[in-house]
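> Dropping the sequence and predicted coords here.
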Amino acid sequence: MSATTATKVPARGGFSVTRTLHLARWNAVLLVRNRLALTYALVMPLAPLLTLLAGERGLTSLGATAVAGVLLLAGLFPVFYNVLSQFVSRRDELVLKRMRTGETRDAELLTAIALPGVACALLTTAVAVPVAVVAGQDAPVNVLLFALGALLSVVMFAAFAYWTAAWTRSAEAAQLTSLPVIVLASVGPFVGGLPSLSDPLREAISLTPGAAINELVRVGWFGLDSFDATTTTLTFAETWSLAGQPLVVLVVWTGLALQLAQRSMRWEPRT
């Protein structure tokens, strides 16, 4: 990283959980005070569950689409867009630059900014379970797999947020610079199921983050063994074997996003 994009910081001790939680609490207070951002973080991700009230009660295909929508929006709104805008705003206000001259480590700053959004995302995905069951859907076949998918998703979207921040000049510009990641995440659920797609194109779309999230929900929650399946056929043990590919896809995208974020991180305003 060049001298124009980074601030030289003194040597410091190890990662401090206490310091990180203190900073995260401060970031959480700022999020709560921003009512619009808080609404997007807690209410918007649960909106897909409303479709369960409009459609046939207990319909598996409808439930899979709704729950996958919750997981996707929980990653995009409280994590990706919120972390992106918060990081860029504080970078431009030189808050991060000042904090890096003290004892605070870079990893603590990044973790603290992401934690409130991550907590909101995980809370909404947890709430989705009883809400969907009350709306007539079956309980998850493998709730552990569903939880693992949620954890991987929030880490991946947080990493994408920090990478996107490297080429975002202002918080206002985030509305445009966030679009490539939003499109990448959305193409799988919205396009992957079209019957007119050729097999090679469908296979390529299955490697996108959104498609992997969608597949994890279909396998882990509903026990569906194929995209066209409409009834639960998988047992708890069988879901782990079929979840291999979507889990690998999410891990690879997460690793790639972390590498990109680390290589391009900017702590001072873009000029």
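Done, it's in. Please read these numbers as outputs of a predicted model, since none were measured by experiment.
> from here on, contacts and neighbour counts on C-alpha atoms
Will do.
> in the stretch 151-271 of the chain, which ranges drop under the pLDDT threshold?
Across the stretch 151-271 of the chain, the ranges flagged by pLDDT under 70 are 190-197, 228-229, 271.
> just checking, what packs against the helix or strand Ala158 falls within?
Taking DSSP states H and E as the definition, one finds Ala158 inside helix 143-165. Helices and strands touching helix 143-165, by 3 or more CA pairs under 8 Å, 6 or more residues apart in numbering; DSSP states H and E, are helix 60-74, helix 82-92, helix 106-134, helix 209-216, helix 244-264.
> right, so those helices: which one is the most enclosed?
helix 209-216 (a mean of 28; mean count of other CA atoms under 10 Å).
> what's the angle between it and helix 244-264?
Helix 209-216 and helix 244-264 are oriented at 150 degrees to each other (axes from the mean of the first three to the mean of the last three CA atoms, to 10 degrees).
> Name the nearest residue to Gly255, ignoring sequence neighbours.
If the residues on either side of it in the chain are set aside, Gly255 comes closest to Met156, at 7.9 Å by CA to CA, 6 or more residues apart in numbering.
> nearest to Pro189, of the helices and strands packed on helix 143-165?
The closest of the helices and strands packed on helix 143-165 to Pro189 is helix 209-216. By CA to CA, the value is 5.5 Å.
> My understanding was that Arg100 contacts Ala107; is that so?
No: contact criterion CA atoms under 8 Å: Arg100 and Ala107 do not qualify, at 10.5 Å.
> Just list the residues touching Ala174, thanks.
Tyr81, Leu84, Ser85, Ala165, Thr168 (CA atoms under 8 Å, 6 or more residues apart in numbering).
> give the contact list for the third one.
Going by CA under 8 Å, 6+ apart, Ser85 touches Ala165, Ala171, Ala174.
> Quick check, Leu73 in contact with Val43.
No: if you go by CA under 8 Å, Leu73 and Val43 don't touch, sitting 10.1 Å apart.
> and the host helix or strand of Ala41, how far from the chain's centre?
Take DSSP H and E as the rule and Ala41 turns out to sit in helix 35-42. Counting by CA atoms, centre = their mean, to the nearest Å, helix 35-42 is centred 15 Å from the centre of its parent chain.
> contacting residues around that helix?
By CA under 8 Å, 6+ apart, helix 35-42 touches Leu31, Val32, Ala74, Phe77, Pro78, Asn82, Gly117, Cys120, Ala121, Thr124.
> so which of those comes closest to Ser264?
Among these, and counting by CA to CA, the member closest to Ser264 is Asn82, at 19.1 Å.
> Would you mind confirming that the closest one makes contact with Gly117?
Yes: applying CA under 8 Å, one finds Asn82 in contact with Gly117, separated by 6.8 Å.
> Which residue, other than its chain neighbours, is closest to the residue nearest the centre of the chain?
By CA atoms, centre = their mean, the mean C-alpha position of the chain lies nearest to Gly75, the distance being 2.5 Å. Once flanking residues are discounted, Gly75 sits nearest to Val154: 5.3 Å by CA to CA, 6+ apart.
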